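*Asks:* I would like to see how this sequence folds:
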Amino acid sequence: MQNVQRSRAAFIAGAMATGAFAANAVPARAQAVTNLNVGTAVDSPTQLPLYLALTHTFRAQGLNVNMLSFRGDTEVAQALAGNSIDVALASSSGLLNLVTANQGVIGFYGGFNQADFSWIAQPSIKSWRDMKGKTIGVSTFGSLTDLITRYVLQQNHLAPDQDVQIIQAGGSPSAYQALKSGRLGAAILTAPFKWEAADAGFTVLGTQANDVSPNWPKHFYMAKAALIAEKPQVITALLRAHVAALRLARADKALGVQTLVDRLKYDPKYAERAYDEAMPSFDERGRIPEKSMPIFWKLVIAQGIVKAPLPEKELVDAHFIDTFSAWAPRA
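*Replies:* This is a model prediction of the structure:
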């Protein structure tokens, strides 16, 4: 079977009808093929290893992966909580929301440590000071884009939802369209839209790397804890394929760039720029950028998501991170 994508409606209907996993999941490289449903919050260059795994490495690990891109953390979280998908690749704040909502979800692998967002405003807006009374677009409420946008507004003495109205604008493609049409005063964008906008004369108000943290726990692989306990061999196969795909991306820049062109429909010049920006911040061992975690907890506490930092074991099952050398493919 080939890796396939389906419409959201067909995907969820099929998953509910057939069940999340094949009846008898098998270890990596076994003869049988295990079906796995993986959902992502948005399409982005930071998911390059997943895109390459779909075309190059999942099959070798005995996996047939169906991937669906949702419209932000809220949608993918609902799918994971409702067992319509087996595994999600979503933001750290999305993971925290699922954990605090007692959905039985836990992260099991990180290493997507990019801080790659920028805040882009209308050309007439020259500074954060000019944003008072304006609107700013984030992907969805409660998402990483929402979290860090509120933080940056406060850092610039602007009260979210009072001085500046925060609007759910979807991912960067739709947010950029809203910005170009004048429906937003500013938006938080990722590659290549942040570069396209800057090239078109829009104002760069700030960047996540400069104004929040140079590294960030951007994405986590996450799943129901019960599923991880029941099917550890399938999770191992997924992660072996991920590591192999990340190594392939590092070894073959042309393939990585072309994958971004094909998958995300990027202009080649922006695809290469996105590749160069993302690759240094991948950690194949799945580790979290520890220096950024105090800022992460400061942000989520300020937004009332939690009252104090959670013990790491409540957010992340570190088994696969800690045992990397035992299961990882040979370099």
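
*Asks:* Just the residues contacting the helix or strand encompassing residue 254, thanks.
*Replies:* Using DSSP states H and E, the element containing residue 254 is helix 253-264. By Cβ atoms under 8 Å, 6 or more residues apart in numbering, the list of residues contacting helix 253-264 from outside reads 43-45, 48, 51-52, 55, 248-249, 266-268, 271-272, 274-275, 279. Bear in mind the C-beta positions are built from the backbone N, C-alpha and C, glycine included.

*Asks:* how does it look with 6 Å?
*Replies:* In this structure, residues lying in contact with helix 253-264 by Cβ atoms under 6 Å, 6 or more residues apart in numbering are 43, 45, 48, 51-52, 249, 266, 268, 271-272, 274-275.

*Asks:* Likewise for stretch 228-247?
*Replies:* Stretch 228-247 has contacts (Cβ under 6 Å, 6+ apart) with 25, 27-28, 34, 49, 52-53, 57-58, 61-63, 108-109, 282, 284, 320, 327-329.

*Asks:* Now find how far off-centre stretch 280-287 is within its chain.
*Replies:* 14 Å (Cα atoms, centre = their mean, to the nearest Å).

*Asks:* Does residue 270 touch residue 192 like I think?
*Replies:* Yes. The criterion here is Cβ atoms under 6 Å, and residue 270 meets it with residue 192 at 3.3 Å.

*Asks:* Same drill for those two, tell me which one is more crowded.
*Replies:* Set residue 270 next to residue 192 and count neighbours by other Cβ atoms under 10 Å: residue 192 wins out with 24 against 21.

*Asks:* how far is stretch 227-237 from where the chain is centred?
*Replies:* Distance of stretch 227-237 from its chain centroid, counting by Cα atoms, centre = their mean, is 21 Å.

*Asks:* nope, stretch 144-157 is what I meant
*Replies:* 18 Å.

*Asks:* Next: stretch 321-331.
*Replies:* In terms of Cα atoms, centre = their mean, the centre of stretch 321-331 is found 23 Å from the chain centre.

*Asks:* Alpha carbons of it, as CSV, please.
*Replies:* The C-alpha trace of stretch 321-331 is given here as CSV (Å, rounded to 0.1, in the frame of the first residue of the first chain):
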residue,chain,number,x,y,z
ILE,A,321,14.6,9.5,24.7
ASP,A,322,16.6,7.8,27.5
THR,A,323,17.1,4.5,25.6
PHE,A,324,18.0,6.1,22.3
SER,A,325,21.2,4.2,21.9
ALA,A,326,19.4,0.9,22.3
TRP,A,327,16.9,1.3,19.6
ALA,A,328,18.2,3.9,17.2
PRO,A,329,19.4,2.9,13.7
ARG,A,330,23.1,2.7,13.3
ALA,A,331,24.6,6.0,12.0
